[in-house]
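Visitor: quick one, structure for this:
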Amino acid sequence: MRLTTHTDFALRTLMFLATTNERATVAQVALQYGVSTNHMAKVVNQLSRLGYIRSIRGIGGGIELARQPADIRLGEVIEAFEGNMHMLECVATKYVCTIQSFCKLKGAFAEAERLQLEYLNSVTLADVAPTKRQFGRASSLTS
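Guide: This is a model prediction of the structure:
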């Protein structure tokens with residue numbers, strides 16, 4: 001599996017918010033990762049629509065986690081952003097291959113996908129969020 005940049009930055013945004021444990025701006029998150037604010041705004045918008053973060057407008061506003069880090073499963077976020085994660089089309093669709101009815105490759109890939117998703121759903125945002133100190137060191141390395 002290879003994640004899109006969009007999904008990568010969604011996970012990074014969630015990690016940032018879990019680490020800071022306070023409201024942040026889209027610009028702060030974009031600056032942390034060295035990406036454009038416009039690109040990060042698209043990611044934040046989707047995270048908000050999916051219910052992972054809250055966006056608060058006005059003075060003192062910003063973005064914050066809508067759920068506790070321990071309640072956000074990586075597999076769930078990846079599925080929400082990536083959609084179909086099948087390695088082969090035949091895993092999810094019938095009648096795409098002439099040998100599909102007896103092919104054992106389909107079963108092997110289906111099991112690999114199941115195990116991968118099972119594992120990713122066992123890992124929470126709390127499990128992967130760095131400390132504030134680690135983020136501080138990362139920021140000083142890019143400056």
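Visitor: isn't residue 86 up against residue 113?
Guide: Yes: the pair residue 86 / residue 113 is scored as a contact, 6.4 Å apart, by C-beta atoms under 8 Å. (Each C-beta comes from the backbone N, C-alpha and C, glycine too.)
Visitor: shaky segments in this protein?
Guide: By pLDDT under 70, the low-scoring segments of the chain are 87-93, 135-143.
Visitor: which residues of it fall in strands?
Guide: 53-56, 62-65 (DSSP state E).
Visitor: pick the most deeply packed of the ones you listed.
Guide: strand 62-65 (a mean of 20; mean count of other C-beta atoms under 10 Å).
Visitor: so can I have CSV of the strands of the chain showing distance to residue 17?
Guide: Below are the strands of the chain laid out as CSV (distance: least, C-beta to C-beta, whole Å):
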stretch, distance to residue 17
strand 53-56, 6
strand 62-65, 5
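Visitor: got the buried residues for stretch 33-44?
Guide: 33, 35, 40, 43-44 (16 or more other C-beta atoms under 10 Å).
Visitor: over to stretch 80-87?
Guide: Buried, per 16+ other C-beta under 10 Å, within stretch 80-87: 80-81, 85.
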